[in-house]
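J.: sharing a model prediction with you, sequence too.
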Amino acid sequence: MAITDLPVLAMLRTRMQWNQARQRLIAENVANADMPGFRPRDLAEPSFNRATGEAVATTTSLAVTAPGHIATAGAAGSGGDPKRVKDFEVRPSGNGVNLEDEMMKAGDIQTDYQVAASLYQHSLTTLRIAIGKS
């Protein structure tokens, strides 16, 4: 087993990849803030199995028996789900993007990514010290 295959490192990599995908969706929301009828999207936070450190699916999907039976919400894009917005947050043009909320999310994503990257780097440094390569 390679050092980078350790569960803690896999969890940190998954978290950083999730932050990257979420940042793309937030940027898309901001870019479409003036598009009539646009609804903002966001990603669900990943959860991990405590024993193995692997990402666990948080939702179950229904089996589609015929193409017309189930309409999938948010199928377009990077796996994002439409964000439920309150009626008073939707502009008369039908756009539901709140730039202040999107900017707050972007800041949170940046902080979360930096923490995960720092933990990843420190974990690798600790492993190198443990095996005698500093």
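T.: Thanks, I have the structure now.
J.: gap between L6 and T14?
T.: Between L6 and T14 the distance is 13 Å, computed by C-beta to C-beta, to the nearest Å. All C-beta atoms are positioned from the backbone trio N, CA, C, and that covers glycine.
J.: where does the protein dip in pLDDT?
T.: Across the chain, residues meeting the criterion (pLDDT under 70) sit at 1, 50-55, 57-88, 134.
J.: can you list the residue ranges for helices in it?
T.: Counting by DSSP state H, one finds helices in the chain at the ranges 7-31, 99-131.
J.: so who does S123 touch?
T.: With C-beta atoms under 8 Å, 6 or more residues apart in numbering as the criterion, the residues that contact S123 are L6, V8, L9, L12.
J.: buried subset of those residues?
T.: Restricting the contacts of S123 to buried positions leaves L9, L12, with burial counted as 16 or more other C-beta atoms under 10 Å.
J.: reformat the contacts of S123 as JSON lines; add distance to G132.
T.: As requested, those are exported to JSON lines (distance: C-beta to C-beta, whole Å):
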{"residue": "L6", "distance to G132": "17"}
{"residue": "V8", "distance to G132": "20"}
{"residue": "L9", "distance to G132": "19"}
{"residue": "L12", "distance to G132": "23"}
